[in-house]
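K.L.:
Next come a sequence and a model predicted from it.
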Amino acid sequence: MIPQRGTNKVALVTGASRGIGRAIAERLAAEGYQVFANDLKAREAELADLVATVQSNGGQCATIYCDVSDPASVQAMAEELLKKAGRLDVLVNNAGVRSVHLADGIEPDEWDRMFAVNTKGTFLVTKAFLAQFRANGSGRIINIASIGGKLGGPNETHYCASKGAVINFTQGLAREVATQGITVNAVCPGVIDTDMGRAHLQDPETLRKVLEKTAMGRVGNPADVVGAVGFFASDDAAFITGQSLNVDGGIIFD
Ligand code: NAP
């Protein structure tokens, strides 16, 4: 039974056209939130499919576009959302990119792209809504980081560094806004079977190593991640802030 914790509340999920973001949008809509599903304009068809699915299940979902790495695009998206919905209660910074390179094979532009979407994107979308969270005296910010941001990982140092920065941003901002009714937490997925996660799963040797170090002996599905997001978004998590929760089937134990 999915708890109805989102009645009369508005949530925004970035990067919702597929994978973990789509699953989060579907879950929050199932909890009763009025969901705004964001992605790049190029993902119009995928988002239309998400909206149709949510609506056919009786939920509320609308599309809202921006490139999270572009300040002007983010600002316009925030203004549009607040005009349409009047308020935002829950922000899920999920949009992300990843690529696989040895450190000395990372082009500077690729390093910048990783930080532009994963780190600066999280900052920009958060910044665009902070004033209204403060004005409401409430807000839930949930950043989708990664266990890679804690452990580091070979062949993805740029990705892991960008996610480590998201975890640190989460902690610093949590301290900054803690007395204003706003909580800021991160969810750190392990290896999840999505278009992005499959980069890990295709090479049998990499997959074998992942399964070996995962206590549950399996990779995750997007549905495995959504419960943690729903919890952080809820009133039950009112006294929890600055945390980075591993959702990894048992890879990190501290
Ligand atoms: P995914 O399947 O690649 O989906 C990422 C989504 O973000 C896509 O919809 C993508 O749109 C969107 N996006 C990319 N750049 C964007 C931008 N500039 N503005 C707006 N949207 C943008 O990845 P996923 O596996 O679901 O990952 C979701 C989040 O979980 C990411 O932050 C990722 O780093 C994190 N994570 C994933 C795993 C895993 O194993 N899958 C593990 C740890 C953490 P396009 O389709 O247009 O690219």
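P.N.:
Cool, the structure landed. Remember, predicted model here, so these are calculated numbers, not experimental data.
K.L.:
How far does stretch 61-73 sit from its chain's centre?
P.N.:
14 Å (Cα atoms, centre = their mean, to the nearest Å).
K.L.:
Now it: buried residues?
P.N.:
Buried residues in stretch 61-73, counting neighbours by 16 or more other Cβ atoms under 10 Å, are found at Cys61, Thr63, Ile64, Tyr65, Cys66, Asp67, Val68, Ser69, Asp70, Ser73. For the C-beta atoms, the positions are set from N, CA and C on the backbone; glycine is no exception.
K.L.:
try stretch 179-197
P.N.:
182-194, 196-197.
K.L.:
For the spatially most central residue of the chain, give me its contacts.
P.N.:
Central residue of the chain (Cα atoms, centre = their mean): Asn94, 2.2 Å from the mean position. By Cβ atoms under 8 Å, 6 or more residues apart in numbering, the residues touching Asn94 are Val13, Thr14, Gly15, Ala16, Ile20, Gly21, Ile24, Ile144.
K.L.:
what do you get for Gly139?
P.N.:
Counted by Cβ under 8 Å, 6+ apart, Gly139 has contacts Leu88, Asp89, Val90, Leu91, Phe129, Phe133, Val177, Gly181, Ile182, Thr183.
K.L.:
Name the residues linked to it by a beta bridge.
P.N.:
When bridges are called by DSSP bridges, Gly139 pairs up with Ile182.
K.L.:
and it, how far is that from Asp67?
P.N.:
23 Å (Cβ to Cβ, to the nearest Å).
K.L.:
How about the residues of this structure by the ligand?
P.N.:
14-15, 17-21, 39-40, 42-43, 67-69, 94-98, 117, 121, 144, 146, 189, 191-192, 194-197 (Cβ under 6 Å from any ligand atom).
K.L.:
Sort out for me which of those are in helices.
P.N.:
Secondary structure from DSSP state H places Gly19, Ile20, Gly21, Gly121 of those in helices.
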